[in-house]
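Engineer: coordinates only, no sequence provided:
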């Protein structure tokens, strides 16, 4: 499609899906930790990604991306909006955003999430129907959709527990960018707090879990609505791999199933070689504390004034749950970074046998 810009120039807009053509890659932004997989199309089966690219006279002048679950297309993330420095103030971002919105809503999309720290971009997004939600995050609900939060996070059917996937990236924005529950620590694994938007934290979490041997579970309501999420990350060395930091969040309407999610997380952690699950919470988040106690967690330690809440100080509580009394190492010592390899042990043994002075 083509649109007339404020400058009088004609801009062509293309919508492309990965895998990307080599000539488009330099003009498109993405999370560095996912860039190669995204551009190669490896995530496309579960995370439908569309990049909108604007060009004037054959030269690319702007781009942005939209990420939606491939199976539902109900919620989406707008990320990496960028305009060439030599073409600013021409209405390029507005035209690309409008093309994205039209495409998203024509496919049944209900809510778009994005973020910005740029006041000019913020003004543009406000004009396009986005409203501030959490931190620097914003949301646009499709005008024909009523009571989105209730329809998505409300108690409409029994939820099931499954593994998370990259399709849950946009869904996690709905769950974690909602103000309830008002727990101060949203995700201690990625240091996401009460008024912090979550999108990049989900990316960081899944990438880190893949390298540490952790896992994340979803509490999924009918129509794949993400109404709960848990994760655990084991220690990074041979000596503390049996201890894992955990996080969880549940929509208030599904708080009765939080115990099922916690029980499944404890059981999964044991299969990953975790003996001790530990989770930090803020003193005063009593409903979260009660859920953990009911699931078998106990208070390990209290750190006075461990958190600053913007108005004062709150104690940090570390809760712990032992999955089993006996747990053999999940990974051998030589498999960890900087540990001595088997062949190095062999060399040392051989050298001592040849030269007694080496003993």
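Structural biologist: Sure thing, it's come through. Predicted, not measured: the structure shown is a model, and the values here were computed from it.

Engineer: what about residue 181, neighbour count?
Structural biologist: Here the count is done by other C-beta atoms under 10 Å, and residue 181 has 17 residues near it. All C-beta spots, glycine's among them, are computed from the backbone N, C-alpha and C.

Engineer: report the contact partners of the spatially closest residue to it that is not a sequence neighbour.
Structural biologist: Closest residue in space to residue 181, ignoring its immediate chain neighbours: residue 252 at 5.8 Å, by C-beta to C-beta, 6 or more residues apart in numbering. Taking C-beta atoms under 8 Å, 6 or more residues apart in numbering as the criterion, residue 252 is in contact with 153, 180, 181.

Engineer: what about 10 Å?
Structural biologist: Residues in contact with residue 252 (C-beta atoms under 10 Å, 6 or more residues apart in numbering) are 153, 154, 155, 178, 180, 181, 182, 227, 258, 287.

Engineer: for the second one, grab phi and psi.
Structural biologist: Comment: the main-chain dihedrals of residue 154 come out as phi -70, psi 170, following degrees, to the nearest 10.

Engineer: same check, this time on the last one
Structural biologist: Backbone geometry at residue 287, expressed as degrees, to the nearest 10, gives phi -70, psi -40.

Engineer: my guess is it meets residue 256, correct?
Structural biologist: No - judged on C-beta atoms under 10 Å, residue 287 makes no contact with residue 256 at a distance of 12.0 Å.

Engineer: overlap in contacts of the two?
Structural biologist: Common neighbours of residue 287 and residue 256 (C-beta under 10 Å, 6+ apart) are residue 250.

Engineer: point out where this structure drops to low pLDDT.
Structural biologist: Counting by pLDDT under 70, the chain contains low-confidence residues at 337-340, 352-359.

Engineer: where does residue 327 sit: helix, strand or coil?
Structural biologist: Assigned with DSSP: H, G, I helix; E, B strand; the rest coil, residue 327 falls in the coil class.

Engineer: leaving aside the residues next to it on the chain, what's closest to it?
Structural biologist: Using C-beta to C-beta, 6+ apart and skipping residues adjacent in sequence, the residue nearest residue 327 is residue 275, 4.0 Å away.

Engineer: again with residue 203
Structural biologist: Take residue 203 and drop its neighbours on the chain: the residue closest to it by C-beta to C-beta, 6+ apart is residue 31, 5.1 Å away.

Engineer: show me where the stretch 151-300 of the chain has strands.
Structural biologist: Secondary structure of the stretch 151-300 of the chain, counting by DSSP state E, counting those that start in this stretch: strands at 160-163, 185-187, 192-193, 215-221, 225-234, 243-250, 276-282, 298-308.

Engineer: closest to residue 97 out of those strands?
Structural biologist: Comparing those by their distance to residue 97 (C-beta to C-beta), the top pick is strand 225-234, with 25.0 Å.

Engineer: within the sheet, what are the partner strands of that closest one, with directions?
Structural biologist: On the basis of DSSP bridges, the sheet neighbours of strand 225-234 come out as strand 215-221 (antiparallel), strand 243-250 (antiparallel).

Engineer: dump the ones you listed to TSV, plus mean neighbour count and distance to residue 327.
Structural biologist: Conversion of these to TSV gives the following (neighbours: other C-beta atoms under 10 Å; distance: least, C-beta to C-beta, whole Å):
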stretch	mean neighbour count	distance to residue 327
strand 215-221	23	16
strand 243-250	24	10
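
Engineer: okay, those in CSV with distance to residue 233 next?
Structural biologist: As requested, the strands paired with strand 225-234 are exported to CSV (distance: least, C-beta to C-beta, whole Å):
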stretch, distance to residue 233
strand 215-221, 9
strand 243-250, 5
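
Engineer: give the contact list for residue 306.
Structural biologist: If you count contacts by C-beta under 10 Å, 6+ apart, residue 306 has them with 280, 282, 283, 313, 314, 315, 316, 317, 318.

Engineer: mind checking which of these are buried?
Structural biologist: 280, 282, 283, 314, 316, 317, 318 (16 or more other C-beta atoms under 10 Å).

Engineer: so can I have a markdown table of the residues you listed showing distance to residue 149?
Structural biologist: Shown next, in a markdown table, are the buried ones among the contacts of residue 306 (distance: C-beta to C-beta, whole Å):
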| residue | distance to residue 149 |
| --- | --- |
| 280 | 27 |
| 282 | 24 |
| 283 | 28 |
| 314 | 27 |
| 316 | 30 |
| 317 | 29 |
| 318 | 32 |
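
Engineer: what residues go with each domain of the chain?
Structural biologist: Here the domain assignment for the chain is 2-144, 151-328, based on automatic domain parsing.

Engineer: let's have these in a markdown table, adding distance to residue 335.
Structural biologist: What follows is these, written out as a markdown table (distance: least, C-beta to C-beta, whole Å):
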| stretch | distance to residue 335 |
| --- | --- |
| domain 2-144 | 22 |
| domain 151-328 | 8 |
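
Engineer: so for residue 342, which of those domains sits nearest?
Structural biologist: Put simply, out of those the one that sits nearest residue 342 is domain 151-328, at 14.2 Å, with distance taken as C-beta to C-beta.

Engineer: roughly how far does residue 188 sit from residue 247?
Structural biologist: In this structure, residue 188 and residue 247 are 5 Å apart, going by C-beta to C-beta, to the nearest Å.
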